[in-house]
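Colleague: Below is the sequence, then the predicted model.
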Amino acid sequence: MSFAPVLLACLVAGCFEEGDPGVVTTVVETPQGTRQVSFRTDGETTPDDYAAALAMWRKVREKDSCVACHGADFFDLARIGTSDSEIVRRAMIDGASEVEARALVRGVKFVRTQFSLPAENPRTFRLLQPGGAVLPGATSAERDLALAGELARFMPVTTGAAPVRTLADAHRARDEFLAIDFDKLRVGVPFPLWSADIAHGPGEGTMDDWISDVPRIAIPARAAEWEALQNAYLADPSDFNFWKLYFGVETLTQPFAGLNPYDPADRWRVERISALKYRNALIGQHLMRSQAMGRTTFMRGQIAFAYLGKEAPFRAAFAGKRATLPDSGNGRLPEMLPNTIWELGDTARFGFDPSEASRGLPGNVGGKDAMRDRLRLLGFPQFVIDSVRPDATLRDETDAMQLSWFMLGLRFDPALQRVNGSNSTKVGEYLLSQLTLNDYFLHRTFQTGLRLVTRSYHPDADPKGATQPFNLKFNYFTAYNRHVPTRWNRKDNQALSATVRDAQLAEYKRITANFFRMSLLLHEEALDRGQIKPYGVSNQDGDYQVLKQFFDYAGQPGYAEDIALIRRVAAKSGTPLNF
């Protein structure tokens, strides 16, 4: 269901009586000081309430309109369960009057009623969290161990005690990866909150959320076009109308003017991060709306948005549009998906690095910089600086953003062939690095297996439609001896009992052994079929030495058979071995 906007000037304030059960009173800290605000929460809402709230939503204020950070309307507030008092508090902090704040409350209630939205807790709501919840565990190692039990439900061949010995076994293991449904399978990495707010404690003093910290505002000369796209989308929130809105961001909007970097050349960093977060919020809002309407056409399977490059009317309408951002390289359809989700994690690697012009100033030293100092150097507005907890370091924030947004990006493209043109991205270097830093041993195996299998066997994995035979190059999964872990990086994991850590390693060894056996058998099949020619001594394929190293380390039953399999496949590839 959707509602064409009917703009109203305002909503007339209700009359309140002391003790009225339909009235909520809250204290709001506004730029003008502390105020006590009362508003009605009872009574049936109407389309007029929605229209009045939309008028408030679009009103330009000091930080521009609510549209400039959230999206076309306030569906996200309705979906994530934002409380009435929270809506009023945040609206008034951003410059809304009491009347306007009350209007927004009623508009949100109208949307909840019309869509029969479930009750949610915005402090725990994590859009697209696989399986709907994070795996249990107080530390990353405990949640990593919990992944073994979760994978056993969906991948019994890969995770089972019986070794993968035959090509038929390998095919069954491969098909388990291809059948992974992230709507059902849980993982141990928490995805971002929709909107973090330091008012709820230091744990939410972070930029690692969906909502843009800096608004993306309409270009004055094209504001009417931008609003027309919003109106068309709200009247008919189809996937096609959504993509018109999404791609309109680049041509119809511009960065927020209130940026003041120490070096003007750094302005692009703030603009890029903000543009990515804004496009992500648009994607997230449309996902929520589509789910509420019972539609499943938006992402479409393991490789999201592949239809944009091949199906009518999408290909014809959007073939010339930039899929990510102008400076991202290879950024046009159908070569790339609009995976701004992954791009945000990728930008966190370098997007907060100021130029040499500010060297020596607070915030331009290294990873231990206070994040607030770094944001100040880059010119973020004070309201953004204040939203980050004072003790957060640059490393805290960027590591958190990389891990959560790379894992989110994996949901959109597990093959990693469409998210970025960089080869380091395509082989999973950056996500694997974050998983390693956080001691997610089993998650690393799962992610690598998923990447290799979907890359070779999913028909939409390659943007040009070409299939790649299964190679035996594990890249950063095995680099720096990461495939034979013996230590934990995080202090809280180092303090875990030996029982927990031994169990994590035991699960990792068994499951990774089957992953490697599957890989050898699938690679052998490609050699037998002539899909891969014997390559001899080459650094392009055939990680036989690291496989031998793993099986020496893992101590799994059937060691002799494993070494024999390595020797057999190496012989077919023409690769001499020194063991």
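Modeller: Structure received.

Colleague: What is the burial count for residue 465?
Modeller: 12 (other Cβ atoms under 10 Å). C-beta here means a position set from N, CA and C on the backbone, and glycine is covered the same way.

Colleague: I'd like the distance between it and residue 310.
Modeller: Separation of residue 465 from residue 310 (Cβ to Cβ, to the nearest Å): 8 Å.

Colleague: now do the same end-to-end measure for stretch 304-318.
Modeller: 16 Å (Cα to Cα, to the nearest Å).

Colleague: Quick check: mean pLDDT of that stretch?
Modeller: Stretch 304-318 shows a mean pLDDT of 90.

Colleague: residues of that stretch that come out buried?
Modeller: 304, 305, 306, 307, 308, 309, 314, 318 (16 or more other Cβ atoms under 10 Å).

Colleague: same check, this time on stretch 352-363
Modeller: 352, 354, 355, 358, 363.

Colleague: could the residues you listed be laid out in TSV, adding secondary structure and pLDDT?
Modeller: Formatted as TSV, the buried residues of stretch 352-363 follow (DSSP: H, G, I helix; E, B strand; the rest coil; pLDDT from 0 to 100):
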residue	secondary structure	pLDDT
352	coil	95
354	coil	94
355	coil	94
358	helix	94
363	coil	93
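
Colleague: who are the neighbours in contact with the residue nearest to residue 252 when sequence neighbours are not counted?
Modeller: Among residues not flanking residue 252 along the chain, residue 226 sits closest, at 4.3 Å (Cβ to Cβ, 6 or more residues apart in numbering). Contacts for residue 226 were tallied using Cβ atoms under 8 Å, 6 or more residues apart in numbering; they are 218, 219, 248, 252, 253.

Colleague: Buried ones among the residues you listed?
Modeller: Buried among those (16+ other Cβ under 10 Å): 218, 248, 252, 253.

Colleague: circling back: reformat the contacts of residue 226 as CSV; add pLDDT.
Modeller: Compiled in CSV, these are given as follows (pLDDT from 0 to 100):
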residue, pLDDT
218, 96
219, 97
248, 94
252, 96
253, 96
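
Colleague: Closest one of those residues to residue 339?
Modeller: Nearest to residue 339 among those, counting by Cβ to Cβ, is residue 248 at 18.2 Å.

Colleague: ok, the residue nearest to residue 244 when sequence neighbours are not counted to residue 199 distance?
Modeller: Of all residues not flanking residue 244 in the chain, residue 229 sits nearest, at 5.8 Å (Cβ to Cβ, 6+ apart). Distance, residue 229 to residue 199, by Cβ to Cβ: 33 Å.

Colleague: Looking at the two, which has the bigger crowd around it?
Modeller: Each of residue 229 and residue 199 has its neighbours counted (other Cβ under 10 Å); residue 229 has more, 19 against 13.

Colleague: and the more buried one, that one's in a helix?
Modeller: Yes - applying DSSP: H, G, I helix; E, B strand; the rest coil, one finds residue 229 inside a helix.

Colleague: what's near enough to touch it?
Modeller: Contacts of residue 229 (Cβ under 8 Å, 6+ apart): 241, 244, 245, 248, 252.

Colleague: what do you get for residue 205?
Modeller: 196, 198, 387, 388, 389, 390, 392.

Colleague: Please report how far it lies from residue 356.
Modeller: 29 Å.

Colleague: what do you get for residue 463?
Modeller: 37 Å.

Colleague: Over to residue 97?
Modeller: 46 Å.

Colleague: With residue 476 instead?
Modeller: When distance is defined by Cβ to Cβ, residue 476 is 29 Å away from residue 356.

Colleague: buried sites along stretch 162-172?
Modeller: Across stretch 162-172, burial judged by 16+ other Cβ under 10 Å covers 163, 164, 169, 170, 171, 172.

Colleague: Spatially nearest residue to the last one, not counting backbone neighbours?
Modeller: Take residue 172 and drop its neighbours on the chain: the residue closest to it by Cβ to Cβ, 6+ apart is residue 157, 4.6 Å away.

Colleague: Report how many residues lie close to the one you found.
Modeller: With other Cβ under 10 Å as criterion, residue 157 counts 18.

Colleague: I'd guessed it sits against residue 164; true?
Modeller: Yes - taking contacts as Cβ atoms under 8 Å, residue 157 lies within contact range of residue 164: 6.7 Å.

Colleague: so what's in contact with those two at the same time?
Modeller: Residues touching both residue 157 and residue 164 (Cβ under 8 Å, 6+ apart) are 173, 514.

Colleague: Got phi/psi on the most centrally placed residue in the chain?
Modeller: Centroid-nearest residue in the chain, with Cα atoms, centre = their mean: residue 408, separated by 2.9 Å. Dihedral angles phi and psi of residue 408 (degrees, to the nearest 10) take the values phi -60, psi -40.

Colleague: Show the contacting residues for the residue nearest to it when sequence neighbours are not counted.
Modeller: Take residue 408 and drop its neighbours on the chain: the residue closest to it by Cβ to Cβ, 6+ apart is residue 341, 4.9 Å away. For residue 341, the contact set (Cβ under 8 Å, 6+ apart) comprises 280, 283, 405, 408, 409, 411, 412.

Colleague: Looks to me like residue 341 is in a helix.
Modeller: Yes - counting by three-state DSSP, residue 341 is part of a helix.

Colleague: so how far is residue 176 from it?
Modeller: 25 Å.

Colleague: related to what we said a few turns ago, what helix or strand is the residue nearest to residue 252 on?
Modeller: Using DSSP states H and E, residue 226 maps to helix 223-235.

Colleague: what's the angle from the following helix or strand past that helix to helix 223-235?
Modeller: Using DSSP H and E, the helix or strand that directly follows helix 223-235 along the chain is helix 239-252. In terms of direction (axes from the mean of the first three to the mean of the last three Cα atoms, to 10 degrees), helix 239-252 departs from helix 223-235 by 160 degrees.

Colleague: Okay, buried residues for helix 239-252 please.
Modeller: Quick answer for helix 239-252 (16+ other Cβ under 10 Å): 239, 241, 242, 243, 244, 245, 246, 247, 248, 249, 252.

Colleague: thinking again about what came up before, what's the most distant pair in the contacts of residue 205?
Modeller: Greatest spatial distance in the contacts of residue 205: 196 and 390, 15.1 Å, computed using Cβ to Cβ.

Colleague: neighbour count winner among the two?
Modeller: residue 196 (22 against 12).

Colleague: And the contacts of stretch 357-369?
Modeller: The contact list for stretch 357-369 (Cβ under 8 Å, 6+ apart) reads 262-263, 265-266, 354, 370, 372-377, 393-395, 398.

Colleague: Out of these, which comes closest to residue 528?
Modeller: Distances from residue 528 to these, taken by Cβ to Cβ, are shortest for residue 398, at 45.2 Å.

Colleague: For that closest one, grab the count of nearby residues.
Modeller: Per other Cβ under 10 Å, the neighbour tally for residue 398 reads 24.

Colleague: rounded to a whole number, what's the mean pLDDT of the helix or strand where it lies?
Modeller: In the assignment (DSSP H and E), residue 398 maps to helix 394-412. For helix 394-412, mean pLDDT rounds to 96.

Colleague: likewise stretch 103-115?
Modeller: Mean predicted confidence for stretch 103-115 is 97.

Colleague: same thing with stretch 548-568?
Modeller: Average pLDDT, stretch 548-568: 98.

Colleague: Tell me how far it lies from the chain's centre.
Modeller: In terms of Cα atoms, centre = their mean, to the nearest Å, the centre of stretch 548-568 is found 37 Å from the chain centre.

Colleague: Show me which positions of that stretch end up buried.
Modeller: 548, 549, 550, 551, 554, 556, 562, 563, 565, 566.

Colleague: for stretch 199-219, same thing?
Modeller: By 16+ other Cβ under 10 Å, the buried positions in stretch 199-219 come out as 204-218.

Colleague: Tell me the one of these nearest residue 442?
Modeller: Lowest distance from residue 442 to the buried residues of stretch 199-219 (Cβ to Cβ) belongs to residue 208, with 23.1 Å.
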